[in-house]
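Attaching a predicted model along with its sequence, questions to come.
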Amino acid sequence: MDHLRTRALTLAEREKRFQTQPSELHQITISEDGAASHEQVGVDLSRLPELHIPTIPPPIDQRIPDSNEISSRLRCVFQRKRPAHIRGRADSLPFQGVRETEHLFDGLKLPSTYFQISDGLAGSAQAQIHYSSSAVPSSFDLITHCVSKQGDWAIALSHSAVTHETTAFWSVDSRFDADELIEDLAAFKHCAAHPLMVPCIMFAANLRMSEKRRQSIKERLHRLEHSISELARVDALSDANDFTRTREDAGSQRLETLYEVLHSCRKDQASREGRYGFWRECSAALDEGLKYVDLLMLHDHTLPLRNAHDELLQWKNVAYHKFESLMARDKDYVNRVNTVSDLLSSLVQQRDMRLQASIARASQRDSEEMRFIAVLGSIFLPASLIATILNIPEFQFASGPVLFGAYLAITAPLIVVVMVLCFFRTRVYRLLSRRRRRLNTSSAVDGSSVNKPVQETESRA
């Protein structure tokens, strides 16, 4: 694994994927009587510091505990910020360089397998129990790296069954409330004897953010359902004949907004479904850690470890039930999103039908107006034609009222003829077509009767 770690770090250095981040060293010590103390200092990993906090001498009136009385210890390097994740690219490592990274992982005896998932291209959570030659668990390793919209985070953890010490590297980005995580770390310091305390705190924070995001999605879906029902009610109560351009534009903009909200809901749901596999891996890693502690307690009967194990086991069961509840609600959410999508599509179709009906009515009105214009043309065009002809000097055979009377005598019958032809043009066209068809049929029959005797004569010959 050291060879793979060296290869991964060399590749990161070649690609310039090192971005150092401020670090903190947290140390929790539990004595034999169960008393726990939490200490915190800032560390500069670029200076290759000693990754432990010297015990601060207590006041004179208090007895200084002997180092042999220390039951277990947790040393954790915590980072409140991470390099930003860029889609399609490997994540940058939050260290200054190869030397500093190797110093951290060697000093805390962290698993080198972390660098196989440190690129962040795929979220993963893995745990492994190491056994001694006598089939007794000797150590436990856990690695996890998660990239999500709620926040990116990573943990590399190791526990020694010999020294009863847990060491961890814990990194979160700024979207997480780091103060809240440290507050939980100090509040659960009595569970520091258990190797799963840090993963449980991180998984609990991630689960809380998932619940908040689920609530946000639910609120958007509720607004979407309410908007669609309101829009459908307005369209149902509105006058079908009053479908103006302004209402059409306003409705189109509102539908476009609803489609954007629907698309965001579908996108978030697809992202949540893609996290199910990671959460199952997290659950399996926690189960492996609980199994390790169960085997460890067969040989180690210390009370702090047993109490911490019972508490974290209870938390894990409750958290997994929450996860199953989220999955069940996500299925209901998918059904609701599909229903809303169908309603929105139906609403768009109804609006299209109303628009087509409005266009048809407008076309009908235009047709009626054109018919009126045709009637006017049938009257005024013949009158204008006769007036133009009679205005020519060669055709002015009379003058005054006589010419005007002749104009009326010619124009009135011509207008009647034109209007009759316009109104009965369809019937006249049918009659002419029928007559032409009859003539064609009769000519074809006559031709066949003439050709038949000729064919009979030729056959006799």
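Sure, I can see it.

The residue nearest the centre of the chain sits in which helix or strand?
Closest residue to the average C-alpha location of the chain: residue 267 at 1.3 Å, with Cα atoms, centre = their mean. For residue 267, the enclosing helix or strand under DSSP states H and E is helix 245-274.

Give me the buried positions along stretch 377-386.
By neighbour count, with 16 or more other Cβ atoms under 10 Å as the criterion, the buried positions of stretch 377-386 are 378, 382, 383, 386. C-beta here means a position set from N, CA and C on the backbone, and glycine is covered the same way.

sorry, back to before: per-residue pLDDT, the residue nearest to the centre of the chain?
At residue 267, the model reports a pLDDT of 72.

again with residue 229
pLDDT, residue 229: 78.

The one 5 residues further on too?
Looking at residue 234, its pLDDT stands at 70.

ditto for residue 448
58.

Please name the residues that touch the closest residue to residue 173 other than its chain neighbours.
Leaving aside its chain neighbours, residue 173 sits nearest to residue 82 (4.2 Å; criterion: Cβ to Cβ, 6 or more residues apart in numbering). By Cβ atoms under 8 Å, 6 or more residues apart in numbering, residue 82 lies in contact with 21, 91, 94, 152, 153, 154, 171, 172, 173, 174.

switch the cut-off to 10 Å
Residue 82 sits next to 19, 21, 91-94, 120, 147, 151-154, 171-176 when contact means Cβ atoms under 10 Å, 6 or more residues apart in numbering.

And for residue 20?
Here residue 20 is in contact with 44, 45, 46, 79, 83, 92, 93, 94, 95, 96, 97, 100 (criterion: Cβ under 10 Å, 6+ apart).

Among those, which are located in strands?
Taking DSSP state E, the ones among the contacts of residue 20 that sit in strands are residue 79.

so which one among the contacts of residue 20 has the lowest pLDDT?
Minimum pLDDT across these is recorded for residue 46, with 78.

Skip ahead from the helix ranked longest in the chain and say which helix or strand is next.
If you go by DSSP state H, the chain has its longest helix at helix 303-390. Toward the C-terminus, helix 303-390 is succeeded by helix 401-423 as the next helix or strand (DSSP H and E).

and that following helix with helix 303-390, angle?
140 degrees (axes from the mean of the first three to the mean of the last three Cα atoms, to 10 degrees).

hey, C-alpha coordinates of helix 401-423 in PDB?
Taking Å, rounded to 0.1, in the frame of the first residue of the first chain, the C-alpha atoms of helix 401-423 are listed here in PDB:
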ATOM      1  CA  PRO A 401     -79.500  62.200 -66.700                       C
ATOM      2  CA  VAL A 402     -79.800  60.000 -69.700                       C
ATOM      3  CA  LEU A 403     -76.200  58.700 -69.400                       C
ATOM      4  CA  PHE A 404     -76.700  58.200 -65.700                       C
ATOM      5  CA  GLY A 405     -79.800  56.200 -66.300                       C
ATOM      6  CA  ALA A 406     -78.000  54.100 -68.900                       C
ATOM      7  CA  TYR A 407     -75.200  53.600 -66.300                       C
ATOM      8  CA  LEU A 408     -77.700  52.300 -63.800                       C
ATOM      9  CA  ALA A 409     -79.500  50.100 -66.400                       C
ATOM     10  CA  ILE A 410     -76.200  48.400 -67.300                       C
ATOM     11  CA  THR A 411     -74.700  48.200 -63.800                       C
ATOM     12  CA  ALA A 412     -77.600  46.800 -61.800                       C
ATOM     13  CA  PRO A 413     -78.000  43.600 -64.000                       C
ATOM     14  CA  LEU A 414     -74.200  43.100 -64.100                       C
ATOM     15  CA  ILE A 415     -74.000  43.300 -60.300                       C
ATOM     16  CA  VAL A 416     -76.800  40.800 -60.000                       C
ATOM     17  CA  VAL A 417     -75.000  38.400 -62.400                       C
ATOM     18  CA  VAL A 418     -71.700  38.700 -60.600                       C
ATOM     19  CA  MET A 419     -73.200  38.100 -57.200                       C
ATOM     20  CA  VAL A 420     -75.200  35.100 -58.400                       C
ATOM     21  CA  LEU A 421     -72.000  33.600 -59.900                       C
ATOM     22  CA  CYS A 422     -70.100  34.300 -56.600                       C
ATOM     23  CA  PHE A 423     -72.800  32.800 -54.400                       C
END
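
Show me which parts of it are buried, residue by residue.
Neighbour-count burial for helix 401-423, counted by 16+ other Cβ under 10 Å, picks out 407, 410, 411, 415, 418.

Lowest mean pLDDT among the helices and strands of the chain, which one is it?
Lowest on mean pLDDT, DSSP states H and E among the helices and strands of the chain sits helix 425-460, with a mean of 65.
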